[in-house]
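Novice: Sharing a sequence plus its predicted fold:
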Amino acid sequence: MNKSRVLMDRRRRRNRYQVRKAADGRPRLSVFRSGKNIYVQVIEDGEGRTVAAASTLDKDLRGTVKGGDNIAAAKAVGALIAERAKAAGISQVVFDRGGYIYHGRVRALAEAAREGGLEF
């Protein structure tokens, strides 16, 4: 395997351990960032199901964001996931950034989700 991929997986495992330890029954807000898009979902780990999901590929966002690989798109996805989680009755989550640094698109998504009403 590629060395950078191995290091990414190591960071992801280390972060996931800390997230599950701090979760205390709250759902997990998991972020995946690709080169072209950003995806986020709220996951109930106890039940093993996805409660809400959003990405830059959603029909609601396609016309409003230009490309999915910028901070503006991440902010739009953060606001959308907060709205969908609130509709599902979830107000508190634990943030799972995966192996990504809390910077740039990941940070913009988290801040927009907080402004949308999610607490973490």
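Specialist: Alright, I've got the coordinates. Numbers count the residues shown, from 1 in each chain.

Novice: I'd like the average pLDDT over the biggest helix by length in the chain.
Specialist: Longest helix in the chain, counting residues (DSSP state H): helix 3-23. The average of the pLDDT scores along helix 3-23 is 90.

Novice: Show me how far that helix is from its chain's centre.
Specialist: Here helix 3-23 is found 15 Å from its chain centre; the criterion is CA atoms, centre = their mean, to the nearest Å.

Novice: ok, now stretch 70-85?
Specialist: With CA atoms, centre = their mean, you get 9 Å for stretch 70-85.

Novice: Report how many residues lie close to residue 109.
Specialist: When neighbours are defined as other CB atoms under 10 Å, residue 109 has 30 of them. Just so you know, the C-beta spots here come from the backbone N, C-alpha and C atoms, and that holds for glycine as well.

Novice: my read: it touches residue 38, true?
Specialist: Yes. Between residue 109 and residue 38 there is a contact under CB atoms under 8 Å: 6.5 Å.

Novice: Give me the mean pLDDT for stretch 105-118.
Specialist: The average of the pLDDT scores along stretch 105-118 is 97.

Novice: Show me the contact partners of that stretch.
Specialist: Under the criterion CB atoms under 8 Å, 6 or more residues apart in numbering, residues 29, 31, 33, 38, 40, 69-71, 73-79, 81-83, 85-86, 90-93, 95, 97, 100, 102, 120 lie in contact with stretch 105-118.

Novice: Kindly write the PyMOL command that selects the buried subset of the residues you listed.
Specialist: In PyMOL, this line selects whichever of the contacts of stretch 105-118 come out buried by 16 or more other CB atoms under 10 Å:
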select buried, resi 29+31+33+38+40+69+70+73+74+75+76+77+78+79+81+82+83+85+90+93+95+97+100+120
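
Novice: I am finished for the moment; much appreciated.
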